[in-house]
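> Quick one: sequence plus predicted model below, questions after.
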Amino acid sequence: MRPENALDKRRFTVRPVADKTDALPLIVANHYSRGIGNIRRAIFVHGMYRRDDDDLVGAAVWSNGLPKSVCVFFYPDEWTAVLHLTRLVVAPDLPTNAASYLLGASVRLVKASGRWRCLATYADTSQGHTGTIYRATNWEPFGMAAPYAIWHDADGRLVSDRDQTGRGMSTAEMTARGYHRAGKSAKHRFRMVIG
C-alpha cells in the first residue's frame, strides 16, 4: 500500500532514460506484466529520479507499435501520429500522487518533441484498473476495447498473442510456444489529443 502523503516534487525530476534498458529492473519488479517486449524499440522511456541520489524510481514507456486499425480508431485524422503509453510504473514506497507527477511530466516531454498528435493508453480490468490516473490527468475516456485472451509465459510474465509482424497467433501456436492461457479481460481505452 502506498503512503498517503503527497509527493514533494522538489525532490524528483523526470527526464529521458539514457540507456532504455536501465528501466527494465524497475518495470519487472513493480508492473503487473513483469516485463515489456523489446524496450530498445520504445520511442521514449522517461524516468523519474530522486534528485538527492539520482535513483530511478519511476518509468513511462512510449511506443508506436499499435496496429494501423487501432491508430485510425484513436486518431483518424493522422493515424501515424499516435503514440502508445505501454508502461507506467513507480516504486511502491512513493506517495499516491507519484504516478500522476511522472505521467504529467512525461506527457510534457512527448509534446516538446513536436512529432506526436495523439496519445493512447489502456487500463486493464483484469488488474482492477479503471483508469483513475488517466481521468485525473485529463485523458479522454474512449470506451472499452473488446475482451482479449490473457497469456503468460513459464515465469508468469504477460505475453502478447501477436507475433513480431503484428499478426495474431492462434491458441495452438501460443500453446506450442509454451504459453498458457489465464482467462480473458477487457481494457478501458483513453486518449489525449496533443496536436
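It's in. Numbering: from 1, shown residues only.

> Could you check the pLDDT of residue 36?
Reading off the confidence values, residue 36 has pLDDT 81.

> First-to-last residue distance for stretch 10-20?
One end of stretch 10-20 to the other measures 24 Å (Cα to Cα, to the nearest Å).

> ignore the last one, stretch 25-40
Stretch 25-40 has its terminal residues 14 Å apart, counting by Cα to Cα.

> The helix or strand of the chain with the lowest mean pLDDT pairs with which strands, parallel or anti?
One helix or strand of the chain scores below all others by mean pLDDT, DSSP states H and E: strand 158-159, with a mean of 71. Sheet pairing for strand 158-159, assigned by DSSP bridges, gives strand 148-152 (antiparallel).

> chain center to stretch 149-169: distance?
Put simply, stretch 149-169 sits 16 Å off its chain's centre (Cα atoms, centre = their mean, to the nearest Å).

> wait, residue 45 sits on residue 14?
No. Residue 45 lies out of contact with residue 14 (Cβ atoms under 8 Å); the separation is 11.2 Å. Backbone N, C-alpha and C define where each C-beta goes, glycine included.

> What is the neighbour count of the closest residue to residue 185 other than its chain neighbours?
Among residues not flanking residue 185 along the chain, residue 126 sits closest, at 3.4 Å (Cβ to Cβ, 6 or more residues apart in numbering). Per other Cβ atoms under 10 Å, the neighbour tally for residue 126 reads 16.

> list the contacts for the residue nearest to residue 179 when sequence neighbours are not counted?
Spatial nearest neighbour of residue 179, excluding adjacent residues (Cβ to Cβ, 6+ apart): residue 151 at 4.6 Å. Contacts for residue 151 (Cβ atoms under 8 Å, 6 or more residues apart in numbering) come out as 158, 159, 160, 161, 174, 179, 180, 181, 182.

> and residue 151, bridged to which residues?
Here residue 151 sits in beta bridges with residue 159, residue 181, going by DSSP bridges.

> how far does the top helix by length along the chain sit from the chain's center?
Secondary structure of the chain per DSSP state H: the longest helix is helix 98-113. Mean-position distance between helix 98-113 and its chain equals 13 Å (Cα atoms, centre = their mean).

> before we move on, back to that, ok, so what distance separates the residue nearest to residue 179 from residue 120?
22 Å (Cβ to Cβ, to the nearest Å).
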